[in-house]
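Chemist: no sequence on hand, only this structure:
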Ligand SMILES: Cc1cc2nc3c(=O)[nH]c(=O)nc-3n(C[C@H](O)[C@H](O)[C@H](O)COP(=O)(O)OP(=O)(O)OC[C@H]3O[C@@H](n4cnc5c(N)ncnc54)[C@H](O)[C@@H]3O)c2cc1C
């Protein structure tokens, strides 16, 4: 379609500048944080719900795909315009109102997660779900992906905080869901959390907030054997302790971070744990965790109670994605999750994969919740190595399901994992999922080809 074909849309948006048909300078809108990309015919930067409605009606009338987008930090290709069409960005919808009395917030989908946390903090409240990308990702993207985060073990994930949603359907109708005011009928809101932009476009989100917990201690613990670190994770969670954060990094991931920014205690380690204890029981938890780590032969243990110094330790975890990007020519990050008791077996499997492969394969993740991000990195980016990656990913996903785990702990299926969906879901379950998709989007224009395979019968 040429620019002239978009005349109706341009006239029906709240401002003509919200429509972009020349992509020069907007190349970022062709991809997310994965290696996948596509070329849209246009981008709409919605500012109001009416812009979303106009775009969806235009796309329905012209049989054009529409791909909702937040900040583009997704790790499963969810907002990639793989079949062209219009990228519908909700990043400018930044309305944010805190209701301190009822401990809720009403947010536009474009609110950056950290902006909500910071604003709620002024009222002594917080919004706990904190993906590592929380200073960039939007709430719309968090809800659409069902995002998790570092504090998920103790405080839960996005779906545990969403209490109301307003959304626009593929044919431009507004749906309101919510459990703020009692009976809600079918739980449509729960259906939309994690729907990856394939069922509706979210235009408003109501979340519950909690009283901000007091900060705990931060612990950095190193091990000479990854099996000791993985066992420590299992024993900490198995003992009934629930730290606020419990992150695992294998030796190679720690090394990547340490080369990016030097940290004491990280030279030649086989694995590390980064833990924040619960604030209300910081000394009790610190003591017990220390005992479990020493029993499992940790080689280094540092406890930090000063928030500024602790913040510097968390940079080890936060730098990881950039550190790996700087090293590898081509990288795919998987986000499998298994029951806590199976965590050591999954870690051992990744180490075996790495040993048997010319690729660099490492792992880190929100271990407290059984999440492990497994990174397949090719230094050459050659076609042969990319094929090896796909083979390794297949083996990892099969092993995860065999261990009772899931293909995606938090990043979603998107484009990246749609071929593997039948590994986790049986035929009847997939059949009814597809029926739900075709009920909301009978012509398959809303983020087509995501979750389900391209041209698959819905
Ligand atoms: C360095 C880094 C660290 C990360 N850490 C974590 C982590 O700890 N936990 C975690 O869960 N994820 C993590 N992620 C992945 C990513 O940040 C999350 O999936 C995040 O929720 C995506 O938000 P976004 O605004 O960038 O969405 P986008 O990438 O723009 O879109 C993601 C999906 O949401 C849909 N979408 C976006 N807005 C809307 C809307 N208004 N209505 C309907 N659908 C919409 C899109 O179509 C797409 O399917 C990380 C990513 C990076 C790069």
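Modeler: Received the coordinates, thanks. None of these values were measured; they are calculated from a predicted model.
Chemist: over to residue 189: give its phi and psi.
Modeler: Residue 189 adopts backbone torsions of phi -60, psi -40, taken as degrees, to the nearest 10.
Chemist: is there any residue in the helix or strand that contains residue 154 that contacts the ligand?
Modeler: Assigned by DSSP states H and E, residue 154 falls within helix 152-155. No. Using Cβ under 6 Å from any ligand atom, helix 152-155 never reaches the ligand; the gap is at least 8.1 Å. From N, CA and C alone the C-beta is placed, and that goes for glycine too.
Chemist: pull the distance from that helix to the chain's centre.
Modeler: 15 Å (Cα atoms, centre = their mean, to the nearest Å).
Chemist: that helix - contacts with which helices or strands?
Modeler: Under the contact criterion of 3 or more Cβ pairs under 8 Å, 6 or more residues apart in numbering; DSSP states H and E, the helices and strands touching helix 152-155 comprise strand 245-250.
Chemist: average pLDDT across the strand it packs on?
Modeler: Mean pLDDT, strand 245-250: 94.
Chemist: okay, strands next: where are they in the stretch 351-458 of the chain?
Modeler: Taking DSSP state E, counting those that start in this stretch to define them, one finds strands in the stretch 351-458 of the chain at 360-365, 371-378.
Chemist: switch those over to TSV; also include distance to the ligand and mean neighbour count.
Modeler: Formatted as TSV, the entries for these read as follows, by distance: least, Cβ to the nearest ligand atom, whole Å; neighbours: other Cβ atoms under 10 Å:
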stretch	distance to the ligand	mean neighbour count
strand 360-365	8	25
strand 371-378	8	24
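Chemist: turn those strands into TSV, including distance to residue 219.
Modeler: Conversion of these to TSV gives the following (distance: least, Cβ to Cβ, whole Å):
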stretch	distance to residue 219
strand 360-365	16
strand 371-378	19
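Chemist: can I get those in TSV with mean pLDDT?
Modeler: Output for the strands of the stretch 351-458 of the chain, formatted as TSV (pLDDT from 0 to 100):
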stretch	mean pLDDT
strand 360-365	94
strand 371-378	94
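Chemist: spatially, what comes nearest to residue 126 if we skip its sequence neighbours?
Modeler: Nearest residue to residue 126 in three dimensions, chain neighbours excluded: residue 212, at 4.1 Å (Cβ to Cβ, 6 or more residues apart in numbering).
Chemist: so what's the residue count around that neighbour?
Modeler: For residue 212, the count of nearby residues is 16 (other Cβ atoms under 10 Å).
Chemist: so it sits right up against residue 127, yeah?
Modeler: No. Counting by Cβ atoms under 8 Å, no contact exists between residue 212 and residue 127, whose distance comes to 9.7 Å.
Chemist: joint contacts of those two?
Modeler: residue 120 (Cβ atoms under 8 Å, 6 or more residues apart in numbering).
Chemist: picking up where we left off before, and the residue nearest to residue 126, its phi and psi?
Modeler: The main-chain torsion angles of residue 212 are listed as degrees, to the nearest 10 and equal phi -60, psi 120.
Chemist: got the contact list for it?
Modeler: Contacts for residue 212 (Cβ under 8 Å, 6+ apart) come out as 120-121, 124-126.
Chemist: out of those, which is nearest to the ligand?
Modeler: Lowest distance from the ligand to the contacts of residue 212 (Cβ to the nearest ligand atom) belongs to residue 126, with 16.6 Å.
Chemist: could you export the contacts of residue 212 as a markdown table, including pLDDT, neighbour count and distance to the ligand?
Modeler: Listed next are those as a markdown table, based on pLDDT from 0 to 100; neighbours: other Cβ atoms under 10 Å; distance: Cβ to the nearest ligand atom, whole Å:
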| residue | pLDDT | neighbour count | distance to the ligand |
| --- | --- | --- | --- |
| 120 | 98 | 23 | 18 |
| 121 | 97 | 14 | 20 |
| 124 | 97 | 10 | 25 |
| 125 | 98 | 20 | 21 |
| 126 | 97 | 18 | 17 |
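Chemist: how is the closest residue to residue 206 other than its chain neighbours assigned, secondary-structure-wise?
Modeler: The shortest distance from residue 206 to any non-neighbouring residue, by Cβ to Cβ, 6+ apart, is to residue 164 (3.4 Å). Classification of residue 164 into helix, strand or coil gives strand, according to DSSP: H, G, I helix; E, B strand; the rest coil.
Chemist: show me the contacts for residue 164.
Modeler: Under the criterion of Cβ under 8 Å, 6+ apart, the contact list for residue 164 reads 176-180, 189, 204-206.
Chemist: at 10 Å what do you get?
Modeler: With contact taken as Cβ atoms under 10 Å, 6 or more residues apart in numbering, residue 164 is in contact with 104, 106, 176-181, 184, 189, 204-208.
Chemist: domains in this protein, by residue range?
Modeler: Residue ranges of the domains in the chain are recorded as 3-89, 96-211, 214-323, 328-410, according to automatic domain parsing.
Chemist: the longest one: end-to-end distance?
Modeler: It refers to domain 96-211. Across its full length, domain 96-211 reaches 18 Å end to end, with Cα to Cα, to the nearest Å as the criterion.
Chemist: which of the contacts of residue 164 are buried?
Modeler: Among these, those that count as buried by neighbour count (16 or more other Cβ atoms under 10 Å) are 104, 106, 177, 184, 189, 204-208.
Chemist: pick out the most distant pair among those residues.
Modeler: Pairwise distances across these peak at 17.0 Å for 106 and 184 (criterion: Cβ to Cβ).
Chemist: the ligand contacts on this structure?
Modeler: The chain has residues 32-33, 67-75, 78-79, 90, 109, 131-133, 137-138, 140-142, 144-145, 147-149, 196-197, 201-202, 321, 410-411, 447 near the ligand, with proximity defined as Cβ under 6 Å from any ligand atom.
Chemist: related to what we said a few turns ago, wait, which of the domains of the chain is closest to residue 416?
Modeler: Of all the domains of the chain, it is domain 3-89 that lies closest to residue 416, at 4.4 Å by Cβ to Cβ.
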